[in-house]
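**Q** whatever this is, show me its structure:
(chains A and B)
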Number of protein chains: 2
Amino acid sequence: MGKVPDSPCSIARSLGVLGERWTFLILREAWTGATRFSEFRKALGVAPDVLTERLNTLVEHGVMRKVPYQEPGERARSSYALTSAGQDLTVLLAALQQWGDEHLPWPDGPAAILRRVDGTDRPVHVGFIDDEGHEVDRDKVTLIRTAAYPVRA
Amino acid sequence: MGKVPDSPCSIARSLGVLGERWTFLILREAWTGATRFSEFRKALGVAPDVLTERLNTLVEHGVMRKVPYQEPGERARSSYALTSAGQDLTVLLAALQQWGDEHLPWPDGPAAILRRVDGTDRPVHVGFIDDEGHEVDRDKVTLIRTAAYPVRA
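**A** Numbers count the residues shown, from 1 in each chain, chains lettered A, B, ... in the order given. All right, here's what the predicted structure looks like:
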């Protein structure tokens, strides 16, 4: 079961929930429309007990929520939907995708691309943005420690 | 040893190089200035053989490069620097950080924040941007399959 470490580092905390094997690929499937256990299972070929465990971790930490459904003549089951916190992970998934497309390219080109859906259909990428909405080059961004940063002995 | 899977999904390929335990935290340390084996080791408390293996994977896939150095009276050693491909991962690390700060907050607040370093000192975040440089809300972004997307039987 994924566990949030007692760490002031938010990268480490995020990885406590997201960093286990299969989890990012489960989220990828959710992003592209999978909701049912059988859909995740079929797309990923992951063992059922591992898939159950990963989905439970994501539900426990508010990334996905269970939605009951029932097919005629079958027992009630749960499907899994991204919460708002889970939808906030799309930028992280897109950053993984973007890096792979650039640095580990597929011979036939990208299998999927990002576009605006508001009618303009413009290509979209992931990057740094300042509070005035201007894109910032990565070498113009720095990480500054705050007062909450732990002082090491 | 991390291995790039033979998959058209660039998220899966990226995770082949980056998805092993400790790798994102090693990259976090590199981002914040660590270069020497002993620095990574001390900051993370990771077993030496695991750290060696992870660093080798990152070097093999062009994320880090070895830089020789020698202290007076000691043997020559290697330090590890992010390549340009490795520096491209800062947006991914920042996305992990941002998600953790928002959804798994630390009681004392964020331990580190992103700023522009070009004199304006403006706060910076990670997000979707279109090809005209406009920020795009995540619910206005969609993933479109290309001709390179595999057809499943």
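
**Q** wait, what's in contact with the residue nearest to the spatial centre of chain A?
**A** Central residue of chain A (C-alpha atoms, centre = their mean): A:L89, 4.0 Å from the mean position. Neighbouring residues of A:L89 by C-beta atoms under 8 Å, 6 or more residues apart in numbering or on different chains: A:L18, A:L27, A:W31, A:V63, A:L82, B:W99. Any C-beta I mention is one placed from the backbone N, CA and C, and that applies to glycine too.

**Q** equivalent analysis for A:D6, please.
**A** By C-beta under 8 Å, 6+ apart, A:D6 has no neighbours at all.

**Q** do that again at 10 Å, thanks
**A** Counting by C-beta atoms under 10 Å, 6 or more residues apart in numbering or on different chains, A:D6 touches A:A12, A:R13, A:G16, B:W106.

**Q** just among these, which is most surrounded?
**A** A:R13 (25 neighbours; other C-beta atoms under 10 Å in any protein chain shown).

**Q** would you mind measuring from A:Q70 to chain B?
**A** 27 Å (C-beta to the nearest C-beta, to the nearest Å).

**Q** in contact with the spatially closest residue to that residue that is not a sequence neighbour, which residues?
**A** Sequence neighbours aside, A:A76 is the residue nearest to A:Q70 in space, at 4.5 Å (criterion: C-beta to C-beta, 6 or more residues apart in numbering or on different chains). Neighbouring residues of A:A76 by C-beta under 10 Å, 6+ apart: A:P68, A:Y69, A:Q70.

**Q** would you map the helices across chain A?
**A** A:10-18, A:23-31, A:37-44, A:48-60, A:84-87, A:90-103 (DSSP state H).

**Q** now mean pLDDT and distance to B:R138 too, for those helices, in TSV please.
**A** Listed next are these as TSV, based on pLDDT from 0 to 100; distance: least, C-beta to C-beta, whole Å:
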stretch	mean pLDDT	distance to B:R138
helix A:10-18	95	17
helix A:23-31	96	10
helix A:37-44	96	22
helix A:48-60	97	18
helix A:84-87	98	6
helix A:90-103	97	5
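
**Q** mind putting those helices into TSV with distance to chain B?
**A** Shown next, in TSV, are the helices of chain A (distance: least, C-beta to the nearest C-beta, whole Å):
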stretch	distance to chain B
helix A:10-18	3
helix A:23-31	5
helix A:37-44	9
helix A:48-60	12
helix A:84-87	5
helix A:90-103	3
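
**Q** which of these sits closest to A:E135?
**A** For the helices of chain A, the distance to A:E135 is smallest for helix A:90-103, at 13.9 Å, taking C-beta to C-beta.

**Q** then the closest one to PDB, C-alphas only?
**A** Provided in PDB are the C-alpha atoms of helix A:90-103 (Å, rounded to 0.1, in the frame of the first residue of the first chain):
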ATOM      1  CA  THR A  90      -2.600  15.200 -16.200                       C
ATOM      2  CA  VAL A  91       0.100  17.800 -16.300                       C
ATOM      3  CA  LEU A  92       2.500  15.300 -14.700                       C
ATOM      4  CA  LEU A  93       1.500  12.600 -17.100                       C
ATOM      5  CA  ALA A  94       1.900  15.000 -20.000                       C
ATOM      6  CA  ALA A  95       5.400  15.900 -18.800                       C
ATOM      7  CA  LEU A  96       6.400  12.200 -18.800                       C
ATOM      8  CA  GLN A  97       5.000  11.900 -22.300                       C
ATOM      9  CA  GLN A  98       6.700  15.000 -23.500                       C
ATOM     10  CA  TRP A  99      10.100  13.900 -22.200                       C
ATOM     11  CA  GLY A 100       9.800  10.400 -23.600                       C
ATOM     12  CA  ASP A 101       8.700  11.800 -27.000                       C
ATOM     13  CA  GLU A 102      11.700  14.100 -27.100                       C
ATOM     14  CA  HIS A 103      14.400  11.900 -25.500                       C
END
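
**Q** neighbours around A:E102, how many?
**A** 14.

**Q** that one against B:D88, yeah?
**A** Yes - assessed by C-beta atoms under 10 Å, A:E102 is found in contact with B:D88 at 6.8 Å.

**Q** so which of the helices of chain A gets nearest B:E53?
**A** It is, among those and with distance given as C-beta to C-beta, helix A:10-18, at 18.0 Å.

**Q** partners of the nearest residue to A:A30 once chain neighbours are set aside in the sheet?
**A** Using C-beta to C-beta, 6+ apart and skipping residues adjacent in sequence, the residue nearest A:A30 is A:L82, 5.2 Å away. With DSSP bridges applied, A:L82 shows beta-bridge pairing to A:M64.
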